[in-house]
Structure formats: structure tokens, C-alpha cells
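In: Can you look at this prediction? I've put the sequence above it.
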Amino acid sequence: MTTQKVSTDEGDSSSSRPRWYRGVYRAAYRLRLVVWQRSRPPTALVALVEGSAAGPPGRALDLGCGTGVDSVYLAAHGWDVTGIDMVPRALSLARRAAATAGVEARFVQGDVTRLRALGVGQDVDLVLDFGCFHTLPEDLRERYVEAVSEVAAPGATLLLYGFRRAPRAAPISAGLTPEEVTRRFTSAGWEVEHADAAPAADVSPTGRRSRVSFELWHYRLRRTRSVT
């Protein structure tokens, strides 16, 4: 079984402002400094897919999919999954991981604030974001919420992970508070069902210090209504 390769323009056509954080991520992969890389899916995702209350597999988006750990996991459990990232090197590694695992997954290079333009369709049942939204600049966060809301099916689940406190020495700004999650998403038709510090098992060994210092949080949201 093979992966499907789809390439799209990742540029931000509605703004002339340079998005220099793209260069930061590309450099990190080129220099093999991907300190956030994990070897297994987060516990909340495993519970959703394999737990006692798990439903049938559906359509999933993995935003900021990186090397595809979570996309491959979902595909292996019957989900129709599309992973999206802006770094070609990350997507190459993700496709290789899917091929090695013998699963089908679709990987798209593009901008997570322009999901419909990427051809991901609508009626997505599950959106996973492990550390993507919390690094977006302030002026792109509302567009992200709008993009996710446009493609999510009624009753869809969003699993969102992010640092509560921004790392001072990080080359890009990062941070996400429960108050911001509530403010941005509830007005767009989402209900916050869970918000708490993520367990230690959800970060790689190299990231455990980051979890303590910056407070990695996990949010589970459900799409309750459409906003027109």
C-alpha cells in the first residue's frame, strides 16, 4: 500500500507579511533538531480511537503532522486521514513512515489556515493538532479557527495540544491558554469538553523538561453548531 502525494501552494496569498517561522521549522528538520518529535500518539487520541467509548473510524485531519506518527496510527486503525504540514522534509518522512507501516495516508504541503483551498473536503470527524496552533502568529489564529470550523462535521472532535507558557528562548513565539481556547472556539460553535495539563507520556524524553517548564496542555473540543 502506498501513500498519496499532494502538493499545494503553502503561501499566504492574502498577506504580504513574511512568515519567517516557516524558515525556523525547515531549518530544524534540515539540521535534525526536531526536539518535539514523538514516537507514539498522545494518550487522548489512543483513548478516542481504542477506548471503551470509541466509535467507528471516520475522516481525520492531522494539522502540523510532522513526521506522521499520529497520521500513521490513525490510518492503521481504519481512519481516512490527511496530514498537513508546511515542511517538505517532514512530509517526506511521513510518507516513508506510512509506506513502512503498510498503510494509506494522504499528506499535503500547505497552510493550515486555508484548509478548503487544500482540497481536504468537509465533514471531517476528527481534527488533531499537536503543537501547531500554539505557534501561529496572533493575526493568523482567528483564520485557523475559521478554517477548522469550515471543514468540521457536526459533532466533530478537535484534540488540541499546546504550551500554556511561551518558551523565552524559542526562536518563535508559542503559547496558548485555556482562556484563549474558550474565547476563540466557543464563538465559532465549539464546546470545550476537557482542558488539563497533558500527561508525561504525551511528550518525548527530550521534551519532558519542556512539559514542566512550559506546561503542555490538552484540550478536547466538540463541534456543536455552525456559525454563519
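Out: Looks like it came in fine.

In: From here on, just use CA atoms for contacts and neighbour counts.
Out: Will do.

In: What are the contacting residues of whichever strand or helix holds Tyr161?
Out: Under the criterion DSSP states H and E, the helix or strand holding Tyr161 is strand 152-163. The contact list for strand 152-163 (C-alpha atoms under 8 Å, 6 or more residues apart in numbering) reads 44-45, 122-134, 174-177, 211, 214-226.

In: Now do the strands in the chain.
Out: Counting by DSSP state E, the chain has strands at residues 4-7, 59-63, 80-85, 106-109, 124-130, 152-163, 190-197, 216-223.

In: Where among those strands is average confidence lowest?
Out: When those are ranked by mean pLDDT, strand 4-7 comes last with a mean of 44.

In: Who are the contact partners of the residue positioned nearest the centre of the chain?
Out: What sits nearest the mean C-alpha location of the chain, by C-alpha atoms, centre = their mean, is Asp129, with 2.3 Å. When contacts are counted by C-alpha under 8 Å, 6+ apart, Asp129 touches Asp62, Leu63, Gly64, Cys65, Leu158, Leu159, Leu160, Tyr161.

In: Please repeat the previous calculation with a cut-off of 10 Å.
Out: 61-65, 70, 158-162, 218-219 (C-alpha atoms under 10 Å, 6 or more residues apart in numbering).

In: And for Gly51?
Out: By C-alpha under 10 Å, 6+ apart, Gly51 lies in contact with Ala44, Leu45.

In: follow-up on the earlier one: could you give the angle of the strand holding Tyr161 to strand 124-130?
Out: Put simply, strand 152-163 runs at 10 degrees to strand 124-130, going by axes from the mean of the first three to the mean of the last three C-alpha atoms, to 10 degrees.

In: Strand 152-163 pairs with which strands?
Out: Here strand 152-163 is paired, per DSSP bridges, with strand 124-130 (parallel), strand 216-223 (antiparallel).

In: how about that strand: buried residues?
Out: Neighbour counts over strand 152-163 (16 or more other C-alpha atoms under 10 Å) mark Ala152, Ala153, Pro154, Gly155, Ala156, Thr157, Leu158, Leu159, Leu160, Tyr161, Gly162, Phe163 as buried.

In: between that strand and strand 190-197, how many degrees?
Out: Using the same axes, to 10 degrees: strand 152-163 against strand 190-197 is 20 degrees.

In: Distance from strand 152-163 to the middle of the chain?
Out: With C-alpha atoms, centre = their mean, to the nearest Å as the basis, strand 152-163 stands 9 Å off its chain's centre.
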